[in-house]
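Visitor: Sequence and computational prediction follow.
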Amino acid sequence: MLEAVSARHPQASSGQAAALQSLDLRIAPGEQLAVIGPSGAGKTTLLQLLGCALRPATGRLLLDGQQPWTLSAVELRRLRTSLFLAPQVPPLPQRQRVVTSVLAGRLPAMGAIESLLALFKPQDIPAVFEALERFDLGDKLFQRVDRLSGGERQRVGLARAMLAPARLWLLDEPLSSLDPTRARQAVAVLREQARVRGVTLVTTLHQVEVALQQFPRVVGMRDGRLMFDLPADQVSPERLARLYEQHEQELHGAAPVDDMPPLAQAQPVVMQCR
Amino acid sequence: MSKAPLSAGKPNQAQARTQAVPRRDPAFQQRLFWSAAALLLLWPLLVATEFKPWRLLEPESLQVSGRFVASFWPLAHSADFLRMVAQDTWRTVAMATAGVTLGLGIAIPMALLSTRVLSISALSGRMARGPFWLRQSVRWLLIVLRSVPELVWALVFVRVVGLGPTAGVLAIALTYGGMLGKVYGEILESSETHPTETLLRNGSGRLQAFFYGLLPTSAAELTSYTVYRWECAIRSSVVLGFVGAGGLGQQMDNSMKMFNGGEVASMLLVFMALVALADRVSAWLRKALG
């Protein structure tokens, strides 16, 4: 799927090293893999590349045999409906109700008028409830997002995937604000659902043990390069030690402190009046 | 500018405490200079505006204003007059409300067209050229609408549709449409765009992303600004009455031309009460929505 891809952030200066450097990666349909590596390794950039959120600087990205960046705008949008890119910070508006937030996952499959009507009367509440119930959040169905804790919000963001018409789930640190038990449960749900739906699952993880125990294939990244790409049982402690050299606290300790940015304060609008 | 010499002076003082105690504030000369310069610049402005406040105190002017103010009492309070005032007050409120509502019809679509957050091509790098110029030109159109004062629009429309509230409604609709549209666009762009961006990236349409991502994020701010503007429209619709666009202002203008102080005073009091009421209502609404 990825051939000799390198990428840099649009804001990065040209002198800086690219966030990803000539990376080759092939992912088969229906496969499930975890990407691990120290902070700043380029994991998120990799997901953004796969999710057509970032244009590769060099190299080729192929999704289902087609190159997204040569497609027309309409075709690219159609391709995007088959992708589900979940950012680390759950993208939920503060004042929205959970039911609407989860339902928003299905928007790509809905027409404009249908989605407007759904704002008045949410359609398919059972499906939303079922999705939330998988993450033990069924009772939060009609609550507002700003009443939820950070971990609950993250799980709501994951529940959204259950309604998306996507065939590729790209999850960025889906466990970053969950406690270990919840994290294991969430991974189990995601993996099972991905298998049932025949969805390809790519996730970045800070929890190395979770990645090794629960994912069949593990990719190690560091400084924008692929360090290894192996079945989980072949990842030796030596490899891990090399991967996390000088970042040992990330390997042994828990996930680094959740770096959720402070919620954007609404700027007061200048109220001038004559 | 005036800070530079102050901060530069500090370390010197600390080093050489034995030297002479500083007697002069180093910023003083600058302040003196800028005050003098400001006065000098103000002078031509005063001349240009024929600013001669002492004229007010000349016996002749005092007599005229004294007579006008004295005629305020007794207030006009005949039943007919009061009914007319009530009617025109209501018409003023209606004019403002109808004008703002029509203005929303301009503002909402234009704000949606002009906001950069809903650009799909800007999701990865720069916005494509076509959409960029479309957004930019809609923005310019809004600025043009907004920068023509409603008084001018009212004068234009009084000629087109004749005397009466219709002219006022149209004038408010155009100016406020531009004003609201521009500020809506700014509010949308200053709000948190993360949810909207994610929806667009996962293949939602622009309108869907607006209703499911952008609107819930900034709904409270948008409504609060709209209500505030409605209050402004009530005040400005009174002014519009003076050019014949109906409502309380037109009656006030008539009474003034007839030198009927009692009527003017009564209407002024009603107007003050109306503005105070609108202020309370809008403050309450904004609090309830915030």
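Guide: Structure's in. What do you need?
Visitor: Could you list the contact residues of chain B toward chain A?
Guide: When proximity is defined as Cβ under 8 Å from any Cβ of the partner chain, chain B approaches chain A at B:120-121, B:123-125, B:128, B:183, B:186-187, B:190-192, B:194-195, B:197-199, B:201-205, B:207-209, B:211-213, B:216-221, B:225, B:228-229, B:232, B:235-236. For the C-beta atoms, the positions are set from N, CA and C on the backbone; glycine is no exception.
Visitor: Just the closest residue of chain A to chain B, please.
Guide: residue A:81 (3.3 Å; Cβ to the nearest Cβ).
Visitor: Now do the phi/psi pair for the residue lying closest to that residue once chain neighbours are set aside.
Guide: Leaving aside its sequence neighbours, residue A:81 sits nearest to residue B:203 (Cβ to Cβ, 6 or more residues apart in numbering or on different chains; 3.3 Å). Dihedral pair for residue B:203: phi 100, psi 10, per degrees, to the nearest 10.
Visitor: these two touch, right, residue B:203 and residue A:75?
Guide: No. Between residue B:203 and residue A:75 there is no contact under Cβ atoms under 8 Å: 11.6 Å.
Visitor: who has more neighbours, those two?
Guide: The neighbour comparison of residue B:203 against residue A:75 (other Cβ atoms under 10 Å in any protein chain shown) goes to residue B:203, with 25 against 12.
Visitor: separation between whichever residue of the stretch 101-250 of chain B sits closest to chain A and residue A:197?
Guide: Nearest residue of the stretch 101-250 of chain B to chain A (Cβ to the nearest Cβ) works out as residue B:203 at 3.3 Å. Distance, residue B:203 to residue A:197, by Cβ to Cβ, to the nearest Å: 17 Å.
Visitor: which residues sit in contact with the closest residue in space to residue B:118 that isn't next to it in sequence?
Guide: Among residues not flanking residue B:118 along the chain, residue B:206 sits closest, at 4.6 Å (Cβ to Cβ, 6+ apart). Contacts of residue B:206 were listed using Cβ atoms under 8 Å, 6 or more residues apart in numbering or on different chains, and they are B:112, B:118, B:120, B:200.
Visitor: Report the lowest-confidence entry in the residues you listed.
Guide: Lowest pLDDT within the contacts of residue B:206 is found at residue B:120 (84).
Visitor: what number of residues lie near the closest residue to that one other than its chain neighbours?
Guide: Nearest non-adjacent residue to residue B:120, counting by Cβ to Cβ, 6+ apart: residue B:200, 5.8 Å away. By other Cβ under 10 Å, 26 other residues sit near residue B:200.
Visitor: hmm, who's touching the helix or strand hosting residue B:200?
Guide: Following DSSP states H and E, one finds residue B:200 within helix B:194-201. The contact list for helix B:194-201 (Cβ under 8 Å, 6+ apart) reads A:51-53, A:80, A:83, A:85-87, A:89, A:91-93, A:104, A:107, B:117-118, B:120, B:123, B:206, B:208-210, B:212-214, B:216-217.
Visitor: Give me the buried entries from those residues.
Guide: A:51-53, A:80, A:83, A:85-87, A:89, A:91-93, A:104, A:107, B:117-118, B:120, B:206, B:208-210, B:212-214, B:216-217 (16 or more other Cβ atoms under 10 Å in any protein chain shown).
Visitor: In helices, which of these appear?
Guide: The helices in this structure, assigned by DSSP state H, contain A:80, B:206, B:208, B:209, B:216, B:217 from those.
Visitor: For the third one, which residues are in contact?
Guide: For residue B:208, the set of contacting residues under the criterion of Cβ under 8 Å, 6+ apart consists of A:107, A:110, A:112, A:115, B:199.
Visitor: Closest to residue A:223 out of these?
Guide: Closest approach to residue A:223 among these (Cβ to Cβ): residue B:199, at 32.2 Å.
Visitor: so how far is residue B:256 from the closest residue to that closest one other than its chain neighbours?
Guide: With Cβ to Cβ, 6+ apart as the criterion, residue B:199 has its nearest non-adjacent residue at 4.3 Å, and that residue is residue B:209. Computed as Cβ to Cβ, the residue B:209 to residue B:256 distance reads 53 Å.
Visitor: same question, residue A:192
Guide: Counting by Cβ to Cβ - residue A:192 and residue B:256 are separated by 80 Å.
Visitor: ok, these two, which is more surrounded?
Guide: residue B:256 (15 against 11).
Visitor: Which residues of the stretch 101-250 of chain A lie near chain B?
Guide: A:104, A:105, A:107, A:108, A:110, A:112, A:115, A:116, A:119, A:164, A:166.
Visitor: ok, 7 Å please
Guide: In this structure, the stretch 101-250 of chain A approaches chain B at residues A:104, A:107, A:108, A:112, A:115, A:116, A:119, A:164, judged by Cβ under 7 Å from any Cβ of the partner chain.
Visitor: Those residues: which two are farthest apart?
Guide: Farthest-apart pair in these is A:116 and A:164; separation 19.2 Å (Cβ to Cβ).
Visitor: for the spatially closest residue to residue B:267 that is not a sequence neighbour, what are its contacts?
Guide: Spatially, and ignoring its direct neighbours in sequence, residue B:267 is nearest to residue B:252 (5.0 Å; Cβ to Cβ, 6+ apart). By Cβ atoms under 7 Å, 6 or more residues apart in numbering or on different chains, residue B:252 lies in contact with B:241, B:264, B:267.
Visitor: got it, and residue B:59?
Guide: Applying Cβ under 7 Å, 6+ apart, we find residue B:59 in contact with no residue.
Visitor: That one and residue B:53, how far apart?
Guide: From residue B:59 across to residue B:53, the span is 15 Å (Cβ to Cβ).
Visitor: Could you check which of residue A:116 and residue A:164 is surrounded by more residues?
Guide: residue A:164 (25 against 14).
Visitor: wait, isn't residue A:178 in contact with residue A:150?
Guide: No. Applying Cβ atoms under 7 Å, one finds residue A:178 not in contact with residue A:150, separated by 9.1 Å.
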